[in-house]
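Participant: What shape does this take:
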Amino acid sequence: MSVKTKIYLMIDSHGNRESITVESSSDTGQINCLKDQNGKNVYFEAECYHISKFCMENDIKLKEIDRKEDFDTLWENA
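Facilitator: Just a heads-up that it's a prediction; the model follows:
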């Protein structure tokens, strides 16, 4: 069995950084410590497939990483 996750890395235009990790069994995420280009706090809580649009609209750089780990290996190494 595998554990699948997606990691979203974000940097706003002021240098603030945020990351969220979402398991494949979940599809929602929350972002609350980034600012738009005018310095106004922005907030996001919804299905993660909307994150790319949220980042584009708020001048936030985004990188996505897909991870897949073996459950038994993680269990033994925890």
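Participant: Kindly provide the distance from the residue of the chain positioned farthest from its centre to Glu69.
Facilitator: Most distant from the centre of the chain: Glu76, at 26.5 Å, with distances by CA atoms, centre = their mean. Going from Glu76 to Glu69 by CB to CB, to the nearest Å gives 12 Å. Every C-beta, even on glycine, is put in place using the N, C-alpha and C of the backbone.
Participant: if we can go back for a sec, could you tell me the phi and psi values at the residue farthest from the centre of the chain?
Facilitator: phi -70, psi -30 (degrees, to the nearest 10).
Participant: Ok, Phe71 next?
Facilitator: phi -60, psi -50.
Participant: OK, contacts around it?
Facilitator: Residues in contact with Phe71 (CB atoms under 8 Å, 6 or more residues apart in numbering) are Met1, Ser2, Val3.
Participant: Please tell me how far the last one sits from Cys55.
Facilitator: When CB to CB is the yardstick, Val3 and Cys55 sit 25 Å from each other.
Participant: who has more neighbours, those two?
Facilitator: Shown here are Val3 and Cys55; by other CB atoms under 10 Å, Cys55 has more neighbours (21 against 15).
Participant: Just list whatever residues bridge to the residue nearest to that one when sequence neighbours are not counted.
Facilitator: Take Cys55 and drop its neighbours on the chain: the residue closest to it by CB to CB, 6 or more residues apart in numbering is Leu62, 4.2 Å away. Per DSSP bridges, the residues bridged to Leu62 are Met10.
Participant: Pull up the gap between Leu62 and Gly39, please.
Facilitator: 19 Å.
Participant: what sits against Glu23?
Facilitator: Glu23 sits in contact with Val3, Lys4, Thr5, where contact means CB under 8 Å, 6+ apart.
Participant: Return the member of those nearest to Cys48.
Facilitator: Proximity of the contacts of Glu23 to Cys48, judged by CB to CB, is greatest for Thr5, which lies at 11.1 Å.
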